[in-house]
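1. Whatever this is, show me its structure:
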Amino acid sequence: MTKISPFKGIISFLLTLIIVIFIAYYFIYRDIAVKNIHVSSLSSGLSLQNVKQQYIATTTEYLKNIDNDLTNITNSIIPSGEDVKFIEDLESLARSDGLEIVIDSLSFEADKRADANGVVVLSVKAKTVGTWTGNYSFLTQLESLPTKVKVKNVTLGDKIDVSLVDSDHAPKPTDKWESSFEINVLKYK
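-> So this is what the prediction gives:
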């Protein structure tokens, strides 16, 4: 039998040890590479989920705003059959400012855009008599109604009483002011 020299034994042991280390290193490297690919995939999926979550949150907020806008638009149009109530509210508003109000005319006007949406334009012509402050307050409140009111024409002037005459036989102005106005509001059919 041949005897292996101790030097050859150490070299073969070290060679075997190096081969085992390289094999172990290969399996560890492959495991790390597979885990990196898995982590990268999870990271991409998480990023995609975050983008989707942000999109859903943005869309939800947008829909809430649209819902509020639609509610405001719906509330700015007189509901079907509520035109008499609107006129009564208009008269009540004038009386609350100490004014006398007379509705001269009511009419429905055709508008292609409004008609296509099931809406008609209600045109109201009226006059009020009272103090300047009352008339001014009424006209301000008229523009601030929750119903969308388009003021087409407004005149405001000192009321002349023909029964009172001065020394020149001219009618005398009173402390009353008279306003006449024309407004348009939208009303559901």
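2. how about residue 81, secondary structure?
-> Assigned by DSSP: H, G, I helix; E, B strand; the rest coil, the conformation of residue 81 is coil.
3. okay, which residue is most central for the protein?
-> For the chain, the residue nearest the mean C-alpha position is residue 69 (3.8 Å; C-alpha atoms, centre = their mean).
4. Could I get the phi/psi values of it?
-> phi -60, psi -40 (degrees, to the nearest 10).
5. same check, this time on residue 182
-> Dihedral angles for residue 182 - degrees, to the nearest 10 - are phi -130, psi 130.
6. Output the lowest mean pLDDT helix or strand found in this protein.
-> helix 112-116 (a mean of 69; mean pLDDT, DSSP states H and E).
7. which helices and strands does the helix or strand just after it pack with?
-> Remark: after helix 112-116, the chain's next helix or strand is strand 119-130, criterion DSSP states H and E. Applying 3 or more C-beta pairs under 8 Å, 6 or more residues apart in numbering; DSSP states H and E, one finds that strand 119-130 makes contact with helix 83-96, strand 100-109, helix 132-143, strand 171-188. (C-beta placed from N, C-alpha, C; glycine too.)
8. Could you tell me the average pLDDT over strand 119-130, please?
-> The average pLDDT within strand 119-130 is 89.
9. neighbours of residue 94, just the number please.
-> As a burial measure, residue 94 scores 26 neighbours (other C-beta atoms under 10 Å).
10. Surely it touches residue 88?
-> No. Taking contacts as C-beta atoms under 8 Å, residue 94 lies outside contact range of residue 88: 10.8 Å.
11. Outline the domain layout of this structure.
-> Recorded structural domains for the chain (assignment: automatic domain parsing) are 1-75, 83-188.
12. just to revisit the earlier point, any idea which of the helices and strands packed on strand 119-130 scores lowest on pLDDT?
-> Among those, strand 171-188 carries the lowest mean pLDDT (a mean of 79).
13. in it, what counts as buried?
-> 176, 177, 178, 179, 180, 181, 182, 183, 184, 185, 186, 187 (16 or more other C-beta atoms under 10 Å).
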